[in-house]
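J.: Need coordinates for the following:
(one chain, ligands or ions: 3)
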Amino acid sequence: MAAEPSKIIYTLTDEAPYLATHSFLPIVRTFASAAGIDVVECDISVAHRILGEFPDFLTEAQRVPNTLAELGKKTLEPDANIIKLPNISASQNQLVTAIRELRAKGFMVPEFPDNPQTDEEKAIRQRYGRVLGSAVNPVLREGNSDRRAPRAVKEFARKHPHSMGEWSPASRTHVSHMFHGDFYHGEKSMTLDKARDVKMELVTRSGKSIVLKPKVHLLDGEIIDSMFMSKKALLEFYEQQIEDAHKTGVMFSLHVKATMMKVSHPIVFGHCVKIFYREAFEKHGKLFDELGVNVNNGMANLYDKIATLPQSKQDEIKRDLHACHEHRPELAMVDSARGITNFHSPNDIIVDASMPAMIRQGGKMYGADGRLKDVKAVIPESTFARIYQEMINFCKWHGNFDPKTMGTVPNVGLMAQQAEEYGSHDKTFEIPEDGVANITDLATGEVLLSQTVEAGDIWRMCQVKDAAIRDWVKLAVTRARNSGMTAIFWLDPYRPHENELIKKVHTYLKDHDTTGLDIQIMSQVRAMRYTLERVIRGLDTISVTGNILRDYLTDLFPIMELGTSAKMLSIVPLMAGGGMYETGAGGSAPKHVQQLVEENHLRWDSLGEFLALAVSLEDEGIKTGNLRAKVLAKTLDAATGKLLDNNKSPSPKTGQLDNRGSQFYLTMFWAQALAEQTEDAGLAKKFAPLAQALAAQEAQIIAELNAVQGQPADIGGYYYPDRAKVSAIMRPSATFNQTLASVAG
Ligand SMILES: NC(=O)C1=CN([C@@H]2O[C@H](COP(=O)(O)OP(=O)(O)OC[C@H]3O[C@@H](n4cnc5c(N)ncnc54)[C@H](OP(=O)(O)O)[C@@H]3O)[C@@H](O)[C@H]2O)C=CC1
Ligand SMILES: O=C(O)CCC(=O)C(=O)O
Ligand SMILES: [Mg+2]
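T.: Numbers count the residues shown, from 1 in each chain. Ligands and ions are numbered 1, 2, ... in the order given. Coordinates of the predicted model:
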């Protein structure tokens, strides 16, 4: 019998995972209720967050609570058990489109003020800032990150290897990054000797003080950094790289993380676009300013803004833009069929996913003619770009990785409490005037860190809390112990921030029994090389990294090993004692929605959800003594293993098994595993009829699920789809629905 009533919070997010949830939640509830577990929805989609931010613009009936803030509070409670699906970190373009959709549906939230002038517009802009970019994950990630490929998933990839593009030693593909003037080269860092309140202040050349951030509260033992990217150096760098690519005839691509680094990277992106189209911007700059064109949001913004001009003017601008291509290199495309380039919108080229996809394809990206070509991958910040070059060097020499034999690289990532760069948005500024940028103690006036900066430079302060570091070291030791794997801390002693971290790692490792463990510290490039030497020999190595490399490596290695990061187990042991279970390490796969809408086929793989749910149930069982939850967890794992063994994952091709069919098989295998287990006779009895019925109806259900494919599907919106329509689309088999419902009673 279920011991206590328990609750699992299941997030509703965006795009493909949102769609998949409509079919999966009824299944989850059917099983969880047998263990007395309530599965509670929590909507944190972009649309819902916009509505939650602007109750004052909505009618009483339209208002929704600020669910993200509530969920954030929940992560600080020891009984939190949250299943977190990937959500859109909206670029400005996406946010504006979502607002348009909501307004068209009668939710009169304010228009996005592009260029706020009045106090009212500035206040609205600031409120929208809370929805923009990576606004969910930093709020919920109150713990460090444990991401790994479960054994069954790794075994499956070994047995059924995904395709890998060929690497040639003659490949011209390479990474270009800055060698001076970027965040890496001017970084300063310190560990706080006591708790302090500080301000971020620019003292201009003329002696004027501009307070950019009036107060940041810092804790004792916290590490803070001050770093800046020089605009001059960045522009020179772009000019050289564009010229180099043109001269040497290699395709040009830019990779940033403008969604997560939502203040700095749109600026870094925009400068590249302006340099690339320099002559057109020189000629039409004044007009662009008048129109409010802001290519920090990509060329999509420019095309949107000029659409209001007379046709002849639009044609002239387009001609001038095209003329630039004559002396510029070919641009990598994100969608060559639709003519969408790398510069279209910064959310199309999110570095953690875009670089591995390129490396997996033998170091190639698509050109305008739809053909795969070698590429210059421009990643301005050198801090982490170098790891990709190291992997590229390795592939050129050793050839592509072999998923059949390669070792695995799980990650333990320092992520808690908005650690490092990913928590720096509210402390990142585009410098208005030349001067000195200081982090100053408010009580004593002592300048803790100081940088000489120029107008246009991007200056930021990063923080990482001592308790988060301590917890991260503990997690690393635990994972090394439980897995028996070598663990490498990827820390660069030449980088001031990481030098401070290294000291703490040495200190906190002493808190643990590390006898018999192989734990080492290496700079990133060496760590990459060392790990890859092991990978090709089939050896496994845990990467223990800061927040950015956590993000990069948990797409990079899974995409090589498994073909996708969607199949990762992604656990966030919350520091307050609860658990958050992320589903896979990838995003919300916008291309998948496009295919569903055009052809009613959803190729999204819910394996990440299956894996997360199993650990969530297990955790519930352990923490509350709910034995049935444990049985559900064990049988779900068995069902997931069987799903892989029987090759019942979704196919990318319309007409074949898709997400819905894969979820059907999971349900059948789970019910069968429950019927067969002997630990809990009540559960076996309850699920035996479901197991039998689904097996008997298999052919009919699959036929019903496949019959709908091939035609367009109307889900009634993109950011705010119609839930009834989505449910109908995602649950098209009446037979399956009825049989499932028969157990619920
Ligand atoms: N945890 C989070 O909340 C995260 C959110 N994001 C957000 O997700 C959005 C998209 O990001 P993007 O960089 O395009 O990366 P994605 O990981 O969403 O997509 C890249 C590709 O990975 C494959 N993929 C990802 N998940 C699955 C899955 N479950 N099943 C099958 N294939 C999958 C798809 O390849 P194919 O099309 O070839 O099948 C997809 O096109 C952005 O808005 C981003 O901000 C990104 C990362 C994490
Ligand atoms: O929050 C985001 O924008 C992306 C998160 C992400 O890519 C990750 O955690 O792997
Ligand atoms: Mg990522």
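
J.: Helix, strand, or coil at the residue in the stretch 251-400 of the chain that ligand 2 sits nearest to?
T.: For the stretch 251-400 of the chain and ligand 2, the shortest gap (C-beta to the nearest ligand atom) falls at Met260, measuring 4.1 Å. All C-beta spots, glycine's among them, are computed from the backbone N, C-alpha and C. Counting by DSSP: H, G, I helix; E, B strand; the rest coil, the backbone at Met260 sits in coil.

J.: switch to numbering from 19
T.: OK, 19 is where the count begins now, so the last one is Met278.

J.: How many residues are close by it?
T.: If you count neighbours by other C-beta atoms under 10 Å, Met278 ends up with 21.

J.: So which bits of this protein are right by ligand 2?
T.: Ser107, Ser152, Asn155, Thr277, Met278, Asp370, Asp569, Thr572, Ala603 (C-beta under 6 Å from any ligand atom).

J.: again, only using 8 Å
T.: Within the chain, the residues that sit near ligand 2 (C-beta under 8 Å from any ligand atom) are 104-105, 107, 151-152, 154-156, 163, 275, 277-278, 368, 370-371, 433, 440, 568-569, 572-573, 583, 600, 603-605.

J.: Without its sequence neighbours, what residue ends up closest to the residue of the stretch 469-618 of the chain at minimum distance from ligand 3?
T.: Scanning the stretch 469-618 of the chain for the residue nearest ligand 3 gives Asp569, at 4.2 Å (criterion: C-beta to the ion). Spatial nearest neighbour of Asp569, chain neighbours left out: Asp370 (5.0 Å); criterion: C-beta to C-beta, 6 or more residues apart in numbering.

J.: Just to check, that neighbour is in contact with Val274?
T.: No - the criterion here is C-beta atoms under 8 Å, and Asp370 misses it with Val274 at 10.6 Å.

J.: Thr29 belongs to a strand, doesn't it?
T.: Yes - read with three-state DSSP, Thr29 is one of the residues of a strand.

J.: Need the pLDDT of it.
T.: Thr29 carries a pLDDT value of 98.

J.: bridging residues for it?
T.: Cys60 (DSSP bridges).

J.: how many neighbours does it have?
T.: 26.

J.: wait, isn't it in contact with Ile62?
T.: Yes - at 5.4 Å, Thr29 counts as touching Ile62 under the criterion of C-beta under 8 Å.

J.: overlap in contacts of the two?
T.: Jointly contacting Thr29 and Ile62 under the rule C-beta atoms under 8 Å, 6 or more residues apart in numbering are Leu89, Asn105.

J.: on that earlier part again, residue contacts, the residue nearest to Asp569?
T.: Here Asp370 is in contact with Lys275, Asp569, Tyr570, Thr572, Asp573, Leu574 (criterion: C-beta under 8 Å, 6+ apart).

J.: Just the buried positions in stretch 71-79, please.
T.: Applying a neighbour-count criterion of 16 or more other C-beta atoms under 10 Å, one finds Glu71, Phe72, Phe75, Leu76 buried in stretch 71-79.

J.: before we move on, back to that, out of the residues of the chain next to ligand 2, which are inside helices?
T.: Mapping the residues of the chain next to ligand 2 onto helices (DSSP state H) picks out Asn155, Pro156, Asp370, Ala371, Arg568, Asp569, Thr572, Asp573.

J.: Find the nearest non-adjacent residue to Gly288, please.
T.: Asn314 (3.4 Å).

J.: What does the pLDDT read for that neighbour?
T.: pLDDT, read off for Asn314, is 96.

J.: and the gap between it and Glu464?
T.: 35 Å (C-beta to C-beta, to the nearest Å).

J.: Show me which of the two is the more surrounded one.
T.: Higher neighbour count among Asn314 and Glu464: Asn314, with 19 against 12, using other C-beta under 10 Å.

J.: and the spatially most central residue of the chain, what does it touch?
T.: Among the residues of the chain, the one closest to the centroid is Gly605, at 5.2 Å (C-alpha atoms, centre = their mean). Neighbour list for Gly605: Pro104, Ile106, Ile368, Ala371 [criterion: C-beta under 8 Å, 6+ apart].

J.: tell me which element Val114 is part of?
T.: helix 110-122 (DSSP states H and E).

J.: For the chain, give me the ranges with low pLDDT.
T.: The model of the chain has pLDDT under 70 over residues 19-23, 762-763.

J.: Have a look at it and report its longest helix.
T.: The chain, longest helix under DSSP H: helix 699-725.

J.: In terms of secondary structure, what does that one contact?
T.: helix 645-663, helix 677-694, helix 752-762 (3 or more C-beta pairs under 8 Å, 6 or more residues apart in numbering; DSSP states H and E).

J.: Which one of the ones you listed lies nearest to Phe42?
T.: Closest approach to Phe42 among those is made by helix 677-694 (5.7 Å; C-beta to C-beta).

J.: Please report the distance of the residue of the stretch 569-718 of the chain found nearest ligand 2 from Gly431.
T.: In the stretch 569-718 of the chain, the residue that lies nearest ligand 2 is Asp569 (4.4 Å; C-beta to the nearest ligand atom). Remark: distance between Asp569 and Gly431 (C-beta to C-beta) = 8 Å.

J.: quick revisit: ok, which of the helices and strands packed on helix 699-725 comes nearest ligand 1?
T.: With C-beta to the nearest ligand atom as the criterion, ligand 1 lies closest to helix 677-694 of the helices and strands packed on helix 699-725, at 8.2 Å.

J.: Could you list the contact residues of the stretch 619-763 of the chain toward ligand 1?
T.: Selection of the stretch 619-763 of the chain residues close to ligand 1 by C-beta under 8 Å from any ligand atom yields Arg621, Trp622, Asp623, Ser624, Leu625, Gly626, Pro668, Pro670.

J.: Any chance of those in TSV with distance to Ala375, neighbour count and secondary structure as columns?
T.: Formatted as TSV, those follow (distance: C-beta to C-beta, whole Å; neighbours: other C-beta atoms under 10 Å; DSSP: H, G, I helix; E, B strand; the rest coil):
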residue	distance to Ala375	neighbour count	secondary structure
Arg621	16	22	coil
Trp622	17	26	coil
Asp623	16	25	coil
Ser624	21	29	coil
Leu625	19	27	helix
Gly626	18	28	helix
Pro668	19	22	coil
Pro670	14	12	coil
